[in-house]
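In: Got a sequence here, can you build the structure:
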Amino acid sequence: MSVYSMTGYASGQNGPAGTPPETDPRPLAAGRLGVEIRSVNSRFLDLTFKLPEDLRQYEPVLREMLTGRLKRGKVELRAAVESTAQAGVAEPSTRLLQRLNGVQDGIRAWLPSARELSVADVLRIAAGDSTSAGDWGSVLADVTQKALDSLVEAREREGARLAAMLKDHLGQLRKLTVQAVPLVPQLVEQQRTRFLERWQDAMGLTGGTLPEAAQDRALNEATAFAIRIDVAEELTRLGSHLDEIERLLKKGGEIGKRLDFLIQELHREANTLGSKSAALEMTRIGVDMKVLIEQMREQVQNIE
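Out: Residues are numbered from 1 along each chain as shown. Here you go, the predicted structure:
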């Protein structure tokens, strides 16, 4: 499976007339329908719909379409209808004229002084009716489906770019780990020897000889100190996390939350590596690791 970003944009629109399917006898208003879908990163799937009143009834259908394809992200869907009624005079239907006549008779029965509808009034009402009375359901679903396909493709392309960047950073982290591994036994032995030398120097300042029990104690404390600064375990765990991240990138799919957790663990190991460091070279390696990990964290926030 592919790796998907949560960032993307897509739009679509129908033709100027928006002809409905032949099997659908319901009329469709003259006009152009446009759909825009924007997506940014979010911990969960957060959907927002900005629809005109004529399309508000289709929100449940649109929601089902989006949840079927997207798993995470803050997604905003906008739809708008541009009327083309201005291009000509909207001819009122017989049904509309009958309805207007009945409504007018009812109003004048209660308000005898109310004026009759003029031809201009009827044409204006017909123009508004032609924009709102048609059924946009099938066209809206079709346009949204195409825009959603484009959005998924855009998120896939961005996800591939993010995966390539993460793999490059994984390679750099592995190189730093390789540099650090041979330093560990050397640093441990150096610190152990240095500890014993300082202990002996301190005992020499007292002018006395070093008892056997004191020597054993110095050796034990030197060993304990060497164990405390040993970062071999951190390097092993770090390598294990790198393997898991690489496996997830190959697997693809909904991996963002898992990657985010592993990045936190990488950061923890790099921090421990720096705090235990007893040599300038190991400190440099720890700093370089944290820089790379922080860059990875920023990009992982965008992965679905």
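In: Helices of the stretch 201-304 of the chain, start to end?
Out: Using DSSP state H, counting those that start in this stretch, the helices found in the stretch 201-304 of the chain span residues 212-228, 232-251, 256-276, 280-300.
In: Which of those sits closest to Val61?
Out: helix 256-276 (27.0 Å; Cβ to Cβ). (Each C-beta comes from the backbone N, C-alpha and C, glycine too.)
In: just checking, what packs against the closest one?
Out: Other elements packing on helix 256-276 under the criterion 3 or more Cβ pairs under 8 Å, 6 or more residues apart in numbering; DSSP states H and E are helix 137-180, helix 232-251, helix 280-300.
In: Turn the ones you listed into JSON lines, including mean neighbour count.
Out: Shown next, in JSON lines, are those (neighbours: other Cβ atoms under 10 Å):
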{"stretch": "helix 137-180", "mean neighbour count": "18"}
{"stretch": "helix 232-251", "mean neighbour count": "16"}
{"stretch": "helix 280-300", "mean neighbour count": "17"}
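In: Next, format these as a markdown table and append distance to Arg115.
Out: Formatted as a markdown table, those follow (distance: least, Cβ to Cβ, whole Å):
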| stretch | distance to Arg115 |
| --- | --- |
| helix 137-180 | 38 |
| helix 232-251 | 73 |
| helix 280-300 | 67 |
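In: Could you tell me the end-to-end distance of stretch 37-47?
Out: One end of stretch 37-47 to the other measures 10 Å (Cα to Cα, to the nearest Å).
In: Give me the buried stretch members for it, please.
Out: Across stretch 37-47, burial judged by 16 or more other Cβ atoms under 10 Å covers Ile37, Arg38, Ser39, Asn41, Leu45.
In: Now do that stretch: everything it contacts.
Out: Here stretch 37-47 makes contact (Cβ atoms under 8 Å, 6 or more residues apart in numbering) with 6-11, 63, 66-67, 70-78, 144, 147-148, 151, 155, 301-302.
In: one step back: now tabulate the helices and strands packed on helix 256-276 in a markdown table and tack on distance to Ala114 and mean pLDDT.
Out: Listed next are those as a markdown table, based on distance: least, Cβ to Cβ, whole Å; pLDDT from 0 to 100:
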| stretch | distance to Ala114 | mean pLDDT |
| --- | --- | --- |
| helix 137-180 | 36 | 94 |
| helix 232-251 | 71 | 90 |
| helix 280-300 | 67 | 90 |
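In: Quick check: mean pLDDT of whichever strand or helix holds Ala109?
Out: Taking DSSP states H and E as the definition, Ala109 sits inside helix 94-110. On average, the pLDDT along helix 94-110 is 85.
In: residues of that helix that come out buried?
Out: Leu96, Leu100.
In: How about the contacts made by Arg237?
Out: Glu265, Glu269.
In: try Glu246
Out: Applying Cβ under 8 Å, 6+ apart, we find Glu246 in contact with Lys167, Leu170.
In: The one 4 residues further on too?
Out: With contacts defined as Cβ under 8 Å, 6+ apart, Lys250 is in contact with no residue.
In: and it, how far is that from Gly256?
Out: 15 Å (Cβ to Cβ, to the nearest Å).
In: Tell me the secondary structure at Ala79.
Out: Assigned with DSSP: H, G, I helix; E, B strand; the rest coil, Ala79 falls in the strand class.
In: so what's it bridging to?
Out: Val35 (DSSP bridges).
In: pretty sure it contacts Val35?
Out: Yes. Between Ala79 and Val35 there is a contact under Cβ atoms under 8 Å: 4.9 Å.
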